[in-house]
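Novice: I need the structure of the sequence given here:
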Amino acid sequence: MVDVTEPVWQFEYSIECDASAKFAWGYWTDVSNWNDPPAEIKLDGPFSPGSQLTTELPGREPLYSVIRDVNCERRTATIDMQLPGAVLSFYWRFEVLLTGERTRMTQRLTLRGANAHEFAGQVPVCEQTVPEGMRRFAATISAAAHPSTEQLSNNTFLVTGAHGFIGAWIVKRLLSVDARVVIFDQSLDPRRLRLIMSDEEISRAAVVTGDITDAEGLSPVFEKFAVTPISPLAGLQVPISRTNPRLGAMVNVVGTINVFEAARRAGDSIRRVVYASSAAVFGMTEQDRPLTEGDATQPATHYGAFKRCNEDNARVYYLDHHVNSIGLRPLTIYGVGRDFGITSDPTKAMKATVIGRPFHMRFGGRTDLQYVADTADIFIRASTSNLTGSHVFNLHGETVHVADIIAEIERVWPDSAITYADEPLTIPPEMDDSAIRAALGEIPATPLTVGVRATIERFAELHREGCLDTSDLDQ
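Specialist: So this is what the prediction gives:
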């Protein structure tokens with residue numbers, strides 16, 4: 001009698017990649033990263049036992065396999081491909097190496113079953129194909145974990161709304177590594193860029209004046225500059241979206257549709273669209289825990305509803321046209337250049353302190369605070385990632401009480417007079433960013449003490465130079 005539990009054939013191969021085990025595991029368990037054209041791999045549920053994988057190749061019958069075992073703590077998984085009277089198993093293991101920043105990936109293939117001998121002559125080809133495939137995958141993971149300066153400088157980035165707050169910082173960070181940047185903005189006012197860069201630095205970016213709501217405005221820009229990643233950041237925040245919902249929808253929704261439509265027309269030359277969503281998609285909930293991407297969205301403002309609409313449209317553009325996209329959901333971003341909306345109050349408080357002026361923050365309680373340089377770097381990391389599909393990720397910095405923000409400002413600049421309201425924001429105070437960390441690896445996280453000091457020192461420098469605009473403090 002044949003022992004069907006004994007392997008008829010087995011092959012194991014290991015390779016190291018330049019990424020943490022946490023990042024490598026997160027990247028591998030996102031099945032959208034497995035696609036290797038012309039092969040397309042689909043997962044019918046979460047990466048957990050019982051979910052089915054389908055591999056489709058042109059002109060061939062689909063191949064089916066099932067996830068049998070997943071151990072996230074040990075970072076191991078086994079996938080079974082059912083053959084007539086046999087099973088071909090794929091066991092994966094991700095091991096932390098001594099440095100902590102490198103990972104050994106191991107794949108072991110095992111053929112067993114009553115009819116396994118019928119396939120014994122076919123599977124040894126894997127001994128040639130598996131090492132090459134794993135070498136390519138290790139290189140892809142390493143590149144995703146550490147986008148190089150060379151990788152950035154070889155791309156042309158289009159940033160719409162680049163004269164806004166986050167857009168200006170993305171431009172600054174890209175120009176600092178000699179990337180090619182195209183600014184597309186209706187505004188002719190580069191004042192936020194000038195707060196954080198010299199005129200010489202700004203001049204290195206190409207500038208196109210245009211309206212994001214113009215359906216035909218972007219395609220000529222794509223063609224002329226051969227842009228690859230796109231970061232659409234043009235948008236109108238809560239106050240304008242509340243008082244003029246139609247205008248808010250035109251810019252926030254129709255403008256974003258125009259970006260995706262231009263990307264669709266451009267085809268494979270546009271690798272992905274990375275757009276700004278918002279934690280405002282959640283509205284206020286009763287959950288007393290950090291919110292994940294799986295939590296229900298119930299926006300309480302037109303702005304939040306517009307951002308949720310963009311997330312849905314991004315998903316449809318991938319389903320219908322394979323336009324890859326990543327939406328990022330920040331909450332309270334602070335730093336030089338933040339001058340509009342209620343969540344700009346922490347930054348305004350820092351500016352008011354520098355000029356010796358009292359300031360009252362319009363909200364209290366806790367909020368999720370992120371330094372703008374980190375936000376910009378995450379946008380850039382997402383733009384240069386190898387993620388395919390339509391993704392939406394929460395961003396998280398530090399969740400702190402408004403009183404702690406004020407205390408930190410006073411530590412840097414003792415002569416301050418800042419008060420705050422009792423009413424909290426109508427957005428949950430803490431986001432869970434484990435999903436984006438799994439997808440992109442370790443992301444920047446500037447401590448509040450460092451970010452507040454850097455912001456105040458820059459405001460003080462601008463004030464000494466007579467270049468500090470304080471008109472926003474009266475809004």
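
Novice: From here on, just use CA atoms for contacts and neighbour counts.
Specialist: Will do.

Novice: which outside residues touch the helix or strand hosting Glu461?
Specialist: Assigned by DSSP states H and E, Glu461 belongs to helix 448-464. Helix 448-464 is contacted from outside by 195, 335-336, 347, 350-351, 354-355, 371, 398, 408-409, 412, 468, using Cα atoms under 8 Å, 6 or more residues apart in numbering.

Novice: who's in contact with the residue nearest to Arg265 when sequence neighbours are not counted?
Specialist: Nearest non-adjacent residue to Arg265, counting by Cα to Cα, 6 or more residues apart in numbering: Ser219, 7.7 Å away. For Ser219, the contact set (Cα under 8 Å, 6+ apart) comprises Ala262, Ala263, Arg265, Ala266.

Novice: before we move on, which element is the second one in?
Specialist: Looking back up the chat, that one is Ala263. helix 255-266.

Novice: Next up, the contacts around the residue most central in space within the chain.
Specialist: Nearest to the geometric centre of the chain sits Ala382, at 4.6 Å (Cα atoms, centre = their mean). Residues in contact with Ala382, defined by Cα under 8 Å, 6+ apart, are Val274, Ile326, Leu440.

Novice: Show the residue spans covered by the strands in the stretch 251-400 of the chain.
Specialist: Applying DSSP state E, counting those that start in this stretch to the stretch 251-400 of the chain gives strands spanning 272-276, 325-329, 332-334, 359-361, 366-371, 390-394, 398-401.

Novice: So which other helices or strands are in contact with the last one?
Specialist: Other helices and strands packing on strand 398-401, by 3 or more Cα pairs under 8 Å, 6 or more residues apart in numbering; DSSP states H and E, are strand 366-371.

Novice: how far out from the middle of the chain is the strand it packs on?
Specialist: The chain centre lies 17 Å from the centre of strand 366-371; the measure is Cα atoms, centre = their mean, to the nearest Å.

Novice: Show me what it packs onto, helices and strands only.
Specialist: Taking 3+ Cα pairs under 8 Å, 6+ apart as the contact cut, strand 366-371 packs with strand 332-334, strand 398-401.

Novice: what angle do that strand and helix 448-464 make?
Specialist: Inter-element angle recorded for strand 366-371 and helix 448-464: 60 degrees (by axes from the mean of the first three to the mean of the last three Cα atoms, to 10 degrees).

Novice: What average pLDDT does strand 366-371 get?
Specialist: For strand 366-371, mean pLDDT is 96.

Novice: quick one: strands adjacent to it?
Specialist: Using DSSP bridges, strand 366-371 pairs in its sheet with strand 332-334 (parallel), strand 398-401 (antiparallel).

Novice: Indicate which one of those is closest to Leu109.
Specialist: Nearest to Leu109 among the strands paired with strand 366-371 is strand 398-401 (43.3 Å), distances taken as Cα to Cα.

Novice: Give the residue spans of the stretch 251-400 of the chain that score low on pLDDT.
Specialist: Across the stretch 251-400 of the chain, nothing is flagged by pLDDT under 70.

Novice: confidence score at Ala77?
Specialist: 97.

Novice: and the host helix or strand of it, what does it pack onto?
Specialist: Using DSSP H and E, Ala77 maps to strand 76-83. If contacts are counted by 3+ Cα pairs under 8 Å, 6+ apart, strand 76-83 sits against strand 63-71, strand 86-96.

Novice: Next, the angle from that strand to strand 86-96.
Specialist: Using the same axes, to 10 degrees: strand 76-83 against strand 86-96 is 160 degrees.

Novice: now for the helix or strand where Trp25 lies, which elements pack on it?
Specialist: Remark: Trp25 resides in helix 21-28, with elements defined by DSSP H and E. Judged by 3+ Cα pairs under 8 Å, 6+ apart, helix 21-28 is in contact with strand 86-96, strand 103-112, helix 126-145, helix 434-440.

Novice: if you set the cut-off to 6 Å instead, what comes out?
Specialist: Here helix 21-28 touches helix 434-440, going by 3 or more Cα pairs under 6 Å, 6 or more residues apart in numbering; DSSP states H and E.

Novice: Distance from the chain centre to the helix it packs on, please.
Specialist: Using Cα atoms, centre = their mean, the offset of helix 434-440 from its chain centre is 8 Å.

Novice: pLDDT averaged over that helix - what is it?
Specialist: On average, helix 434-440 scores 91.

Novice: in it, what counts as buried?
Specialist: Residues of helix 434-440 classed as buried by neighbour count (16 or more other Cα atoms under 10 Å): Ser434, Ala435, Ile436, Arg437, Ala438, Ala439, Leu440.

Novice: now do stretch 200-217
Specialist: Buried-residue list, stretch 200-217, by 16+ other Cα under 10 Å: Ile202, Ala205, Val207, Val208, Gly210, Asp211, Ile212, Thr213, Gly217.

Novice: among those, which two are most distant?
Specialist: Ile202 and Thr213 (25.0 Å).

Novice: for the strands paired with strand 366-371, which one ends up most surrounded?
Specialist: strand 332-334 (a mean of 24; mean count of other Cα atoms under 10 Å).

Novice: picking that back up, what strands line up against the strand holding Ala77, and which way round?
Specialist: strand 63-71 (antiparallel), strand 86-96 (antiparallel).

Novice: Of these, which stretch is the most buried?
Specialist: The stretch of the strands paired with strand 76-83 with the highest mean neighbour count (mean count of other Cα under 10 Å) is strand 86-96, at a mean of 20.

Novice: which stretches of the stretch 101-250 of the chain have low pLDDT?
Specialist: Ranges of the stretch 101-250 of the chain meeting pLDDT under 70: 101, 146-151, 229, 231-239.

Novice: where exactly do the helices run in the stretch 201-350 of the chain?
Specialist: 219-225, 238-243, 245-249, 255-266, 302-321, 345-354 (DSSP state H, counting those that start in this stretch).

Novice: gap between the first one and the chain center?
Specialist: Using Cα atoms, centre = their mean, the distance from the centre of helix 219-225 to the centre of the chain it belongs to is 25 Å.

Novice: and if you look at stretch 74-92?
Specialist: 32 Å.

Novice: top of the contacts of Ser219 by neighbour count?
Specialist: Ala263 (26 neighbours; other Cα atoms under 10 Å).

Novice: thinking again about what came up before, could you measure the residue nearest to the centre of the chain against Ile212, distance?
Specialist: Distance of Ala382 to Ile212, computed by Cα to Cα, to the nearest Å: 22 Å.

Novice: returning to that earlier point: please identify which of the strands paired with strand 366-371 is closest to His117.
Specialist: That would be strand 398-401 among those, by Cα to Cα, at 57.5 Å.

Novice: Start and end of stretch 145-160, how far apart?
Specialist: First-to-last residue span, stretch 145-160, Cα to Cα: 26 Å.

Novice: What's the end-to-end length of stretch 340-348?
Specialist: With Cα to Cα, one end of stretch 340-348 sits 9 Å from the other.

Novice: Then stretch 68-82?
Specialist: 11 Å.

Novice: Show residues contacting that stretch.
Specialist: Pro49, Ser65, Val66, Ile67, Val87, Leu88, Ser89, Phe90, Tyr91, Trp92, Arg93, Phe94 (Cα atoms under 6 Å, 6 or more residues apart in numbering).

Novice: And it, what's buried?
Specialist: In stretch 68-82, counting by 16+ other Cα under 10 Å, buried: Arg68, Asp69, Val70, Arg75, Thr76, Ala77, Thr78, Ile79, Asp80, Met81.
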